[in-house]
Structure formats: C-alpha cells, structure tokens
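Enquirer: just need the structure, nothing else, for what follows:
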Amino acid sequence: VWLPELMAIYGVDRAPDTERGFSDRVHPEDRTRVEAETSSFMGEGDAYEHEFRIIRPDGEVRVVHDRGLIERFENGAVRRMRGINIDITELRQNQLKTEADLRESAARLQLAYEVADIYAWDLDLRARRSVWSGGLYNLLGLKEADPASDELFFRHVHPEDEHRLRACFDEAIVSRTTFDEVFRVVRTDGEVRAVVGKGRVIEELDGEPARMIGVNYDVTDRIQALEQNHLLMQEVNHRFKNVLSLTQAIARQTMLTRPDDFLDRFTARVQALAAAQDMLVHNRWSGVHLGALVRSQLAHMEDLIDRRIRLSGPRLKIKADAAQALGMAVHELATNAGKHGALSNDAGKVDISWRLQTNASNEQEFVVSWIERDGPPVKKPESLGFGSIVIDRMTSTTFGGVVEVDYAPEGLTWHLRCPADCIATEKAGSSAA
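Expert: Numbering: from 1, shown residues only. Down below sits the predicted model:
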C-alpha cells in the first residue's frame, strides 16, 4: 500500500501492482544492488535501511532513502514490511556540492602551500600520530612511506635546539597557546636548514587537548640573506671610516706639501679614490679586476693607452683594500709622468704590467711594475711630497710587501712585490682588458 506522498516521490498516480513494477522504477545502475539488499533483508532481521536512485516516468532522477521494519511469522518467513521513503535528492546534491567545494578548497590550499613552500601537519595528540604534507618529508629528506609523528620530527631537530623546542611545544599544548619558534633541522643527508614552526591546539576531548595543526617553512635563505646584509652593513661602516681617514690624510698632506694648488690636486686625488670606490661598490666589495682598475685611473689619458701606455698581465681580481691603495698609486704615478716624466713629451712611453710568480721560498707573490722610457731626463725629487708617500710607504704598508722606486735618468721605474693573498685569481689570460 502506497500513500499519496510516496506516489508523489516516484511521480506516479498509483502504486505498482507487482514487485517488478517497483524494480522498474529503480535506476538501472542501482537495481542489482537494491534487489540483492532486499533479498538479504527478507532473509533475516527485523529492520532494513538503504539508499538508491529512482527514475520517474518523466525521466527525472531522484535519490531515495528507504527504511522500515519487517514482521515475520514464527517460522521466520516475512509476513509484512512497513517502511517509509524519504526524498533526499536535494540533500545529496548539496552534500556532493559541499564535497566538491571542499576538494577544490583543499586543492587551492595545497597549491598555496606549494607555491609558498609551506609544509602542513596535523597531529593526533592522543595517539601521537601525524599527517604530513609531502613538502615536510622533503624538508627532512624522508620518504613519504615513513610513518609520520611528532617524535620522528624531533629526531631531526638540531641537537642544540631540541630541548628548547620540545619545552616550547609542550607548553603550547598545555596552555593552549600558539606555538611559534625558529629552529634548525638536520636532514638525513646531514644538511642543516633553518625552519619556522607554527601550530595550535584546535580540538579537545573531555577537557584534554586532542588535536593540533600547524605548518613549517624553510627560512634558511632568508636568514642567510639577513646575516649577509648585517655583515655588509658592518663592512660598509668599516669602509666608510677607512675612506674618511684616507680623505683626511690626502687633504692634510696635500696642504702641507703644495698649498698653492691645493684645490686642484686634492680634487684630482679624491676623484681617483672615488673611481676605485665606484668599482668596488659595483662589485659589491668583492674586489676589482686589475686591468679595469688601472684603466679607470688612466681615464684622463685614455687616448694614450695602447699607443704610448702599454698594459699587460693576466686577468686578476684584486681585493678591496688593495684596490684603493693601488688605484691611488697608479694615479700619482700617472700624474708625475704627465708633468715631469715619460708622458710630458711626445715620445715617452710607459709599460704597466703585473704577474704572479714564485719566489725563492717557493711562495707565490704578486708583482706590479711601472716602467717609463724615452722621456726627459729624470731627477730624484729633493723632498718627498704626498705623491711619493702614496707610491712608496702607503702602498707597501697596505700590501705588506716591498716597493722599489728608481729615479734613473733614462726613466722612472716602480715595482711592487707582495704576497699573493691580496688578489683572487680567476681564469688566467694574456689580456689586461
């Protein structure tokens, strides 16, 4: 006997006459299962419940929840079945939509984790079992087949950080506060990485913490960058003080030796110092290629390079402090050559060269030479001005080496010989470019 409400669900105006008539209304994909379940219900038990789809006469598909009671004779045979059908189509549609939305949301969250390199974890605080995202396994260098747990994670925390981290983690659980710490982990290959860990308890059972979720993310590169910036700021401060002291010395010595043309000589010397500084800043204070440094100090004589000024030597990179001192020395030598030496006439020439060589003690040393020829006769200056101090004492002190200056009549020669630790060699070549 079907009530009108049941017939409305099935879209019919009268109940089917036979069991077959009911089966024909069941969706073909569900029919075999429903018949098997019905047969099982009739075989034993006093209640039944299942769910299936039906097709109305107009072709519309609905989802039905069918449940009821079974009355039996004393011999167990079915006497009567009484039940109700509930149309749950909208419920199931909403459920499917919710599940689809959740899958989409989870996919977006997973994508966000991957893009941001964030590794999620979910910890069952009673069973002490965890669920980790794939990135967390990768962070520790583990295989995803390894059973995840908080204890497994702590085994990879750096020994110097483990005790502190365990205490903070336990405190966050007990106090229900946010866990937020920076610490180091040691991957299975031995590499140490810096990590941020965040988490909090989100579920309790019987007043006790039951579930905790959180994330980890690798901040190694960020910390290294901060440390590098800190070192750079210290280096900039150190360099600034050095440059200021050098500028003061230039001003003082220029005034003492040549007060009549102080401004012109002081300006030229500061410009020479600035040229070296610009190159060092451009190279982030890692040093300067020697050929480029020499050319920068000869910029005002650029038209003479390769005609009357010859540069030769391997491709070498000179360190920052050495670059400042050598740049000033080349500037003073060029200024002297232009006023009194080989570049003061139309025929003189200057050879500038540098090389690495092995000395008698089998140690590598760095040698720079400035050799003038075909200029007017040279005379040794009667007094030593600032330029002489730069090319001799200041250069030898900075390089920790020996400077030899010879005011021979046929042309000035200047040689610097020092330990090779003042330069960083790169690919050797014959060009001084």
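
Enquirer: show me the helices in the stretch 201-350 of the chain, by range?
Expert: 220-257, 262-282, 290-297, 320-339 (DSSP state H, counting those that start in this stretch).

Enquirer: ugh, wrong one, I meant the stretch 51-200 of the chain
Expert: 89-116, 134-140, 150-154, 159-175.

Enquirer: any chance of the ones you listed in CSV, plus distance to A424?
Expert: Where you see a C-beta, it was placed from the backbone N, CA and C, and this is true even at glycine. Formatted as CSV, the helices of the stretch 51-200 of the chain follow (distance: least, C-beta to C-beta, whole Å):
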stretch, distance to A424
helix 89-116, 38
helix 134-140, 35
helix 150-154, 42
helix 159-175, 34
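
Enquirer: where among the ones you listed is average confidence lowest?
Expert: For those, mean pLDDT drops lowest on helix 89-116, to a mean of 76.

Enquirer: surely H415 forms part of a strand?
Expert: Yes - using DSSP: H, G, I helix; E, B strand; the rest coil, the assignment for H415 is a strand.

Enquirer: give the burial count for the nearest residue to it once chain neighbours are set aside, as a bare number.
Expert: Closest residue to H415 in three dimensions, ignoring its sequence neighbours and counting by C-beta to C-beta, 6 or more residues apart in numbering: E404, at 4.5 Å. Look at E404: counted by other C-beta atoms under 10 Å, it has 12 neighbours.

Enquirer: host element of E404?
Expert: strand 402-408 (DSSP states H and E).

Enquirer: spatially central residue in the chain, please.
Expert: D221 (4.0 Å; C-alpha atoms, centre = their mean).

Enquirer: sorry, back to before: only the buried residues of the strand holding E404, if you could.
Expert: V403 (16 or more other C-beta atoms under 10 Å).

Enquirer: that one to helix 320-339, inter-axis angle?
Expert: 0 degrees (axes from the mean of the first three to the mean of the last three C-alpha atoms, to 10 degrees).

Enquirer: contacts for strand 402-408 next, please.
Expert: With contacts defined as C-beta atoms under 8 Å, 6 or more residues apart in numbering, strand 402-408 is touched by 378-381, 388, 391-393, 395-396, 412-418.

Enquirer: which among the residues you listed count as buried?
Expert: Applying 16+ other C-beta under 10 Å to those flags 378, 388, 391-392, 395-396, 412-418 as buried.

Enquirer: make a markdown table from the residues you listed and add distance to R310 and pLDDT to it.
Expert: Formatted as a markdown table, these follow (distance: C-beta to C-beta, whole Å; pLDDT from 0 to 100):
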| residue | distance to R310 | pLDDT |
| --- | --- | --- |
| V378 | 19 | 91 |
| S388 | 24 | 71 |
| I391 | 19 | 77 |
| D392 | 23 | 83 |
| T395 | 21 | 85 |
| S396 | 25 | 88 |
| L412 | 16 | 94 |
| T413 | 14 | 95 |
| W414 | 15 | 94 |
| H415 | 16 | 95 |
| L416 | 18 | 94 |
| R417 | 20 | 94 |
| C418 | 22 | 93 |
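
Enquirer: in helices, which of the contacts of strand 402-408 fall?
Expert: 388, 395-396 (DSSP state H).

Enquirer: from those, which is closest to I371?
Expert: Set against I371, the nearest of the ones in helices among the contacts of strand 402-408 by C-beta to C-beta is T395 (16.3 Å).

Enquirer: my read is that that closest one contacts A325, right?
Expert: Yes - with contacts counted by C-beta atoms under 8 Å, T395 reaches A325, the gap being 5.3 Å.

Enquirer: and for these two, which residues touch both?
Expert: Taking C-beta under 8 Å, 6+ apart as the criterion, T395 and A325 do not both touch any residue.

Enquirer: report pLDDT for V196.
Expert: 95.

Enquirer: please apply the same query to the one 3 residues further on.
Expert: Per-residue confidence at G199 stands at 94 (pLDDT).

Enquirer: give me the nearest residue to it, chain neighbours excluded.
Expert: G214 (2.4 Å).

Enquirer: give me the distance between the one you found and Y119.
Expert: 9 Å (C-beta to C-beta, to the nearest Å).

Enquirer: just list the residues touching the nearest residue to R31 once chain neighbours are set aside, thanks.
Expert: Using C-beta to C-beta, 6+ apart and skipping residues adjacent in sequence, the residue nearest R31 is S23, 6.2 Å away. The contact partners of S23, by C-beta under 8 Å, 6+ apart, come to 31, 34-35.

Enquirer: which one of these is nearest G141?
Expert: V34 (51.8 Å).

Enquirer: just how off-centre is the one helix or strand that closest one maps to within its chain?
Expert: Element membership of V34 [criterion: DSSP H and E] is helix 28-43. From the chain centre to the centre of helix 28-43 is a distance of 60 Å (C-alpha atoms, centre = their mean, to the nearest Å).

Enquirer: helices or strands next to it in the packing?
Expert: helix 19-23, strand 47-55 (3 or more C-beta pairs under 8 Å, 6 or more residues apart in numbering; DSSP states H and E).

Enquirer: now with 7 Å?
Expert: strand 47-55 (3 or more C-beta pairs under 7 Å, 6 or more residues apart in numbering; DSSP states H and E).

Enquirer: for the strand it packs on, buried residues please.
Expert: 48, 52-55.

Enquirer: what's the most distant pair in these?
Expert: For the buried residues of strand 47-55, the farthest-apart pair by C-beta to C-beta is Y48 and I55; their separation is 21.7 Å.
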